[in-house]
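Visitor: structure for the following, please:
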Amino acid sequence: MKSPQALWISVAFVLIAAGAAVWLYPALPAQVPTHWDLHGRIDGYHARQWAVVFAPLLIALLALMARVLPALAPRRYELEPFAGAWHLVMLAAQGVVLAAGLAILLRGAGHAVPVPAVAMLAVGALLMVIGNYMGKLRRNFFIGIRTPWTLSSDAAWERTHRLGGRLFVLAGLVAVLGTLLRFGRWLPLACIAAAALGSVGYSFVLYRRLERRR
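Guide: As a prediction, the model looks like this:
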């Protein structure tokens, strides 16, 4: 995806979030539920005026980062070689914020929206997007499995991201299916943690193996 296309989609996301905030604002209570624990119980609130601006501001911030960070990347770690994957992943992250933000506002306005389930479904979809494009990422400081071992070796980076991509797709699929089948939030979270820790551990083992061969 090209940068201008990504920018227009980001603008659309911000407008949708802002429009929903304006529409639902009169129906929101003074304190809006914004956080749920692992058992689905509300354990966090924000004032109405803050709850309505959170999603538009965060989406705008992510869109700004998507355009600014490539210009800040040092030599040999540029993002341009995989700009399409970069913008798609950043848009997916903005989509997660949009989905969660809309669910929170609808729930606060009295609609029966299962916010934790919506958030987990969105995160699962994001993980599958990230995993699908992880193999296209090249060494950089902003996205991917950035360990001392992957950042110091092209071979370690590429092979770690091939494995990590499969693990993250699997974790995202488990998150989606586990949420739809109501397995609880522990299984998806455990799979996500396993995918992250497994990728980091593999990068270390692979780097040591490559060093011994040299």
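Visitor: do you know the pLDDT at the residue positioned nearest the centre of the chain?
Guide: Centroid check for the chain by C-alpha atoms, centre = their mean gives Ala93 as the closest residue, at 4.1 Å. As predicted, Ala93 sits at a pLDDT of 96.
Visitor: name the element it belongs to?
Guide: Assessed by DSSP states H and E, Ala93 sits inside helix 83-108.
Visitor: pLDDT score for the closest residue in space to the residue nearest to the centre of the chain that isn't next to it in sequence?
Guide: Leaving aside its sequence neighbours, Ala93 sits nearest to Leu62 (C-beta to C-beta, 6 or more residues apart in numbering; 5.7 Å). Every residue, glycine included, has its C-beta placed from N, CA and C. Leu62 carries a pLDDT value of 97.
Visitor: return the distance of Leu62 relative to Tyr202.
Guide: According to C-beta to C-beta, to the nearest Å, Leu62 stands 28 Å off from Tyr202.
Visitor: so what are the domain limits for this structure?
Guide: Using automatic domain parsing, the domain ranges for the chain come out as 1-113, 115-214.
Visitor: any regions of the chain where pLDDT drops low?
Guide: Across the chain, residues meeting the criterion (pLDDT under 70) sit at 1, 214.
Visitor: okay, helices next: where are they in it?
Guide: Ranges of helices in the chain, per DSSP state H, are 3-24, 48-72, 83-108, 115-133, 148-151, 154-180, 186-213.
Visitor: quick check: which of the ones you listed is nearest to Trp36?
Guide: Each of these has some distance to Trp36 by C-beta to C-beta; the shortest is helix 115-133, at 4.7 Å.
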